[in-house]
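Trainee: Starting from these lines, generate the structure:
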Amino acid sequence: MTEIIVTQQYPGYPGTRPPKGWVPPLGQSLTLLGVYDNESGYCMGLPLQVLRETLLNAEASQTEDRIDERDKIEVTIHDASTQDVVRTTEFEVPTGEVWFLNCLKLVTEAEISSNIRISKFPKVSDVDKKYLGTDQAASNDVDYDLAEPRELGADLRLVGGDKLTLVATVAAVGGTTADSKVTLNPYGRKAKLGNESKYPKDI
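Mentor: Presented below is the predicted three-dimensional model:
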């Protein structure tokens, strides 16, 4: 393989610093993409954040499938389970898919409370953070409209490998007197995954 040596000295400016915003070319095979800034009057390298944002916008305009009650997640706590017993069911978004969720419908039966852990959120003591600050009480059916300001204010975007974990906890002091179930119905749509996944996560 032929080694490419690229000078770091700007042509026409020997012994001086290059103009503000100038970036040296990367050999003959690759050149950085640049844009002209009308305000500063300089050519500048195009930030990868701009490309990433463009890919995300294109991704959000596509729809591959609907997410509804057919994609429900359930967890059951059996009869005679004692107070504070916890059971979980984990769902992982398939590789290559991107989900835009606009609603989480959480249904709890008698004697058990529930919450949802989201792997994309920051960890809390090395555990996925719960969506709800306080567990949803037993015998409740609640729709969490994620676009509402008091919720997320936008769709929840999940890509392949992201996980939703449904957590059911025995809330009754005397434990359960029958099998009890918690159901999570996510609502939204599946879209085509943009190529931003090819770039480092920190751009």
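Trainee: now the residue lying closest to Gly160 once chain neighbours are set aside: how far from Lys130?
Mentor: Spatial nearest neighbour of Gly160, excluding adjacent residues (Cβ to Cβ, 6 or more residues apart in numbering): Thr95 at 3.9 Å. From N, CA and C alone the C-beta is placed, and that goes for glycine too. Distance, Thr95 to Lys130, using Cβ to Cβ, to the nearest Å: 25 Å.
Trainee: Look at the residue most central in space within the chain and tell me its secondary structure.
Mentor: The residue lying closest to the centre of the chain (Cα atoms, centre = their mean) is Leu158, at 3.9 Å. Using DSSP: H, G, I helix; E, B strand; the rest coil, the three-state assignment for Leu158 comes out as strand.
Trainee: Quick check: it touching Lys120?
Mentor: Yes: counting by Cβ atoms under 8 Å, Lys120 is a contact partner of Leu158 at 6.3 Å.
Trainee: quick one, what contacts Pro122?
Mentor: For Pro122, the contact set (Cβ atoms under 8 Å, 6 or more residues apart in numbering) comprises Lys129.
Trainee: Low-confidence bits of the protein, can you list those?
Mentor: Of all residues in the chain, those with pLDDT under 70 make up the ranges 1-18, 21-33, 46-61, 194-203.
Trainee: Thr95 and Lys130: who's more crowded?
Mentor: Each of Thr95 and Lys130 has its neighbours counted (other Cβ atoms under 10 Å); Lys130 has more, 17 against 9.
Trainee: List the beta-bridge partners for the more buried one.
Mentor: Beta-bridge partners recorded for Lys130 (DSSP bridges): Arg117.
Trainee: Quick one: list the elements packing against the helix or strand hosting Val182.
Mentor: Following DSSP states H and E, one finds Val182 within strand 180-192. Counting contacts by 3 or more Cβ pairs under 8 Å, 6 or more residues apart in numbering; DSSP states H and E, strand 180-192 packs against helix 48-60, strand 65-67, strand 73-77, strand 97-108, strand 112-124, strand 163-170.
Trainee: Flag every buried residue along the last one.
Mentor: Put plainly, it is strand 163-170. Leu164, Thr165, Leu166, Val167, Ala168, Thr169, Val170 (16 or more other Cβ atoms under 10 Å).
Trainee: quick one on the thing from earlier: out of the helices and strands packed on strand 180-192, nearest to Gln83?
Mentor: strand 163-170 (5.2 Å; Cβ to Cβ).
Trainee: How about the contacts made by Met44?
Mentor: By Cβ under 8 Å, 6+ apart, the neighbours of Met44 are Gly21, Gly34, Val35, Tyr36, Asp37.
Trainee: SS state for it?
Mentor: Classification of Met44 using three-state DSSP returns strand.
Trainee: Quick check: beta-bridge partners of it?
Mentor: Legend: beta-bridge partners of Met44 under DSSP bridges are Val35.
Trainee: Relative to Asn38, how far out is it?
Mentor: Taking Cβ to Cβ, one finds Met44 at 11 Å from Asn38.
Trainee: Can you tell me the closest non-neighbouring residue to Arg189?
Mentor: Distances taken as Cβ to Cβ, 6+ apart place Thr63 nearest to Arg189, at 5.1 Å, with adjacent residues excluded.
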